[in-house]
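[1] Fold the following and give me the result.
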Amino acid sequence: MNMMRAYHSIACATSAWLCAALLAAVLALPLGGAQAASLAEIDAEVNDVMKRFYKEVGSSEELAAKAEAVLTFPSVIKAGFGIGGEYGEGALRINGKSVDYYSTAAASIGFQIGVQSRAVILMFMTEAALKQFRASDGWEVGVDASVALIKIGAGGAIDTNNIKEPIVGFIFGEKGLMYNLSLEGSKMTKLDKK
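    The predicted model follows:
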């Protein structure tokens, strides 16, 4: 019985330490990472993600060509232990050229442990949606606008003719598109980088 109590005490202490360390790392992401990447680094990472996205997701390049603008966060890091958060930096491109740079951040509560990375791609399909996004001082998914996460059809490609939503999104992980996630609560803020 004493051995069980000792094991339980060690497990609780380890869990508390791990929780504190992960929470500190999560809280440091927006502050420590906010100025970490240069514009050239962000653009290079965006180029890499978009090349992979176009290669792996049929008709994605065609859809991007129809969009007024594409906002790409090549690496959104999510970390947590019970309480978590995520942060990433990306570029807004119009006609293939970066015009502004943004950060995305969100907090979450619920069962989660560890660190994950994913790319987030938003396509603004209408001029009105893009104008509202660019005019905002901190734009939140689900509050300022909704984002329709797109799934691939049976043929392995996006049905570009049936997309009517003003803003569509893709969450792209190591194994391709991810469908069981949400962008609700993600806040995008323009970065002041020169």
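
[2] Got the phi and psi for the nearest residue to L183 once chain neighbours are set aside?
    Taking C-beta to C-beta, 6 or more residues apart in numbering, and ignoring the residues beside it in sequence, L183 has V141 as its nearest neighbour in space, at 4.5 Å. Bear in mind the C-beta positions are built from the backbone N, C-alpha and C, glycine included. Backbone torsions of V141, given as degrees, to the nearest 10, read phi -70, psi 130.

[3] Surely E68 touches A128?
    No: E68 is beyond contact range of A128, at 9.1 Å (criterion: C-beta atoms under 8 Å).

[4] between the two, who's got more neighbours?
    A direct count of neighbours by other C-beta atoms under 10 Å for E68 and A128 places E68 higher, at 18 against 11.

[5] Could you pull up the residues touching that one?
    Shown in contact with E68 (C-beta atoms under 8 Å, 6 or more residues apart in numbering): 94, 124-127, 129-130.

[6] One more pass at 10 Å, please.
    Residues counted as contacts of E68 (C-beta atoms under 10 Å, 6 or more residues apart in numbering) are 94-95, 123-131, 133, 166-167.

[7] still on that earlier bit, the residue nearest to L183 and N47, how far apart?
    Remark: distance between V141 and N47 (C-beta to C-beta, to the nearest Å) = 24 Å.

[8] ok, back up a step: of the contacts of E68, buried ones?
    Listed as buried from the contacts of E68 are 123-125, 129-130, 133, 166-167; burial here means 16 or more other C-beta atoms under 10 Å.

[9] Can you tell me which of those lies closest to K51?
    Within the buried ones among the contacts of E68, proximity to K51 (C-beta to C-beta) peaks at M123, which comes in at 16.2 Å.

[10] isn't I94 right up against F124?
    Yes: here I94 reaches F124: they are 9.1 Å apart, a contact under C-beta atoms under 10 Å.

[11] Need the overlap of contacts for the two.
    Common contact partners of I94 and F124 (C-beta under 10 Å, 6+ apart): 67-70, 130, 134.

[12] In JSON lines, list the residues you listed along with secondary structure.
    Below are the shared contacts of I94 and F124 laid out as JSON lines (DSSP: H, G, I helix; E, B strand; the rest coil):
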{"residue": "A67", "secondary structure": "coil"}
{"residue": "E68", "secondary structure": "coil"}
{"residue": "A69", "secondary structure": "strand"}
{"residue": "V70", "secondary structure": "strand"}
{"residue": "L130", "secondary structure": "helix"}
{"residue": "R134", "secondary structure": "helix"}
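
[13] So which bits of the lengthiest strand in the chain are buried?
    When the chain is parsed with DSSP state E, its longest strand is strand 97-124. Neighbour-count burial for strand 97-124 flags 98, 100-106, 108, 118-124 (criterion: 16+ other C-beta under 10 Å).

[14] Give me the below-cutoff pLDDT ranges for this structure.
    Within the chain, the stretches with pLDDT under 70 are 1-36, 80-82, 108-115, 143-144, 152-157, 159-161, 176-181, 193-194.

[15] Cool, thanks, talk later.
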